[in-house]
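Undergrad: No sequence on hand, only this structure:
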């Protein structure tokens, strides 16, 4: 079962910090976790990429979070983290973890977590 499991959301005041975590697992016999990423979706808006990190450590951030958010991962634990600092009301959204699985037999599949709510109050 690859289903990513997120934790760490909550309510925080403007300027505060939160750390999100997401763990996904797949049997090494059949595949491996390649890219991991965080997306977010605010009410009435489309889901957007927040940050992504490859297995080798290449990182990409949305312009809106550069300098405030930091993504990292522990490959041994198949866990990705999102450290969010200097939070703003516009960061309020449901945050979703995405895990890309590479299968030994070939091909890739995307899996999504159930989402964790982040609310920034002004």
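TA: Now that the structure is in, tell me what you want to look at. It should be emphasised that the depicted structure is a prediction, and the values quoted were computed from it without experimental measurement.

Undergrad: From now on I want contacts and neighbour counts done on CA atoms only, so please keep to that.
TA: Noted.

Undergrad: So for residue 79, what's the nearest residue that isn't a sequence neighbour?
TA: residue 23 (4.3 Å; CA to CA, 6 or more residues apart in numbering).

Undergrad: Show me what the residue nearest the centre of the chain is bridged to.
TA: For the chain, the residue nearest the mean C-alpha position is residue 38 (2.5 Å; CA atoms, centre = their mean). Beta-bridge partners for residue 38, by DSSP bridges, are residue 51, residue 97.

Undergrad: Also residue 80?
TA: residue 22, residue 73.

Undergrad: Just give the number of residues close to it.
TA: Neighbour count for residue 80, taken as other CA atoms under 10 Å: 26.

Undergrad: Pull up the gap between it and residue 33, please.
TA: 11 Å (CA to CA, to the nearest Å).

Undergrad: Over to residue 96?
TA: Applying CA to CA to residue 96 and residue 33 gives a distance of 16 Å.

Undergrad: What values do phi and psi take at residue 5?
TA: phi -120, psi 120 (degrees, to the nearest 10).

Undergrad: Report pLDDT for it.
TA: What the model reports for residue 5 is a pLDDT of 95.

Undergrad: Could you do residue 27 as well?
TA: Residue 27 is given a pLDDT of 88.

Undergrad: Burial check on it, number of neighbours?
TA: Neighbours around residue 27, by other CA under 10 Å: 11.

Undergrad: show me what contacts residue 55?
TA: 33-36, 75 (CA atoms under 8 Å, 6 or more residues apart in numbering).

Undergrad: now do 6 Å
TA: By CA atoms under 6 Å, 6 or more residues apart in numbering, residue 55 lies in contact with 34-35.
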